[in-house]
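# starting from these lines, generate the structure:
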Amino acid sequence: MKVLYFGSLRDMVGVSEEDIDLPEGLSDLHSLIVWMRSRNDDFAAAFESLVFLRAAIDQEHAPFEASIIGAREIAFFPPVTGG
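Predicted structure coming up:
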């Protein structure tokens, strides 16, 4: 599965995208985020708070309880603000 990181998340984890093999049993965005936190200290910090995190599955915004089964791409990004 391709995982994309944008904005401050990209800066924190040190890559803009990667292809990962998901561990068994991950079925939704929340379980993916929990696994991401366990990867290393940079990922733990980047995924520490869900308040500052948004996600998209196959280029459509998705809530954290959304299924990732069959997804080809997951994107993580901080909330966008502007004026």
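# where does the protein dip in pLDDT?
Judged against pLDDT under 70, the low-scoring parts of the chain cover residues 81-83.
# what ranges do the helices span in it?
Taking DSSP state H as the criterion, the chain contains helices spanning 7-13, 29-37, 41-46.
# for Phe64, find the nearest of these.
helix 29-37 (4.5 Å; C-beta to C-beta). Every residue, glycine included, has its C-beta placed from N, CA and C.
# list the beta-bridge partners for the residue lying closest to Glu18 once chain neighbours are set aside.
The spatial neighbour of Glu18 that comes closest, neighbours along the chain excluded (C-beta to C-beta, 6 or more residues apart in numbering), is Val3 at 5.6 Å. With DSSP bridges as the criterion, Val3 is bridged to Glu18, Ile74.
# let me see the contact set for the nearest residue to Leu50 once chain neighbours are set aside.
Across the structure, with C-beta to C-beta, 6+ apart as the measure, the residue nearest Leu50 apart from its sequence neighbours is Phe64 (6.4 Å). Residues counted as contacts of Phe64 (C-beta atoms under 8 Å, 6 or more residues apart in numbering) are Asp28, Leu29, His30, Ile33, Leu50, Ala55.
# same deal with Ser27?
The contact partners of Ser27, taken as C-beta under 8 Å, 6+ apart, are Ser67, Ile68, Ile69.
# adding distance to Asp42, write those residues out as TSV.
Below are those laid out as TSV (distance: C-beta to C-beta, whole Å):
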residue	distance to Asp42
Ser67	27
Ile68	22
Ile69	27
